[in-house]
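**Q** Compute the structure for the input listed below.
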Amino acid sequence: MFEKGLGFKCDETFTEETALSLIKKSIENNLPYSFVLVDLDDPTLLLGRFMQAFTTLTANGAKIDVYACASTDS
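**A** Take a look at the predicted model:
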């Protein structure tokens, strides 16, 4: 949907480790992501741990917005 409908290049991962690795590579290549979407419905995601690692990666000044979304009210 993002690539075809909105023209955004997207990468999708299913583990925090892979996501953080891709974010790190994008920063190292001076092509940081514009934003990161986090799925709060993912039972394997520990948001606090992810955000702590993300904050460390972006401490050099990389500006990447993080948006969290869920399909349930819980």
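
**Q** longest helix anywhere in the chain?
**A** Longest helix of the chain, by residue count under DSSP state H: helix 16-28.

**Q** following that one, which helix or strand comes up?
**A** strand 35-39 (DSSP states H and E).

**Q** I'd like the mean pLDDT over that following strand, please.
**A** Average pLDDT, strand 35-39: 92.

**Q** Run the chain-centre distance for that strand.
**A** Distance of strand 35-39 from its chain centroid, counting by CA atoms, centre = their mean, to the nearest Å, is 4 Å.

**Q** can you give me the angle that strand makes with helix 16-28?
**A** Angle, strand 35-39 to helix 16-28, by axes from the mean of the first three to the mean of the last three CA atoms, to 10 degrees: 170 degrees.

**Q** what's the burial count for the residue lying closest to residue 70 once chain neighbours are set aside?
**A** Excluding its sequence neighbours, the residue lying closest to residue 70 (CB to CB, 6 or more residues apart in numbering) is residue 40, at 3.9 Å. Any C-beta I mention is one placed from the backbone N, CA and C, and that applies to glycine too. Residue 40 is flanked by 13 other residues according to other CB atoms under 10 Å.

**Q** Phi, psi for residue 40 please.
**A** With angles defined as degrees, to the nearest 10, residue 40 sits at phi -70, psi -10.

**Q** ok, now which ones touch residue 38?
**A** By CB atoms under 8 Å, 6 or more residues apart in numbering, the residues touching residue 38 are 45, 47, 50, 66-69.

**Q** Report the beta-bridge partner residues of it.
**A** residue 68 (DSSP bridges).

**Q** Look up the closest residue to the residue nearest to the spatial centre of the chain, ignoring the ones flanking it.
**A** What sits nearest the mean C-alpha location of the chain, by CA atoms, centre = their mean, is residue 36, with 3.3 Å. Spatial nearest neighbour of residue 36, chain neighbours left out: residue 66 (4.9 Å); criterion: CB to CB, 6+ apart.

**Q** Secondary structure of the one you found: a strand, I assume?
**A** Yes. Residue 66 sits within a strand when classified using DSSP: H, G, I helix; E, B strand; the rest coil.
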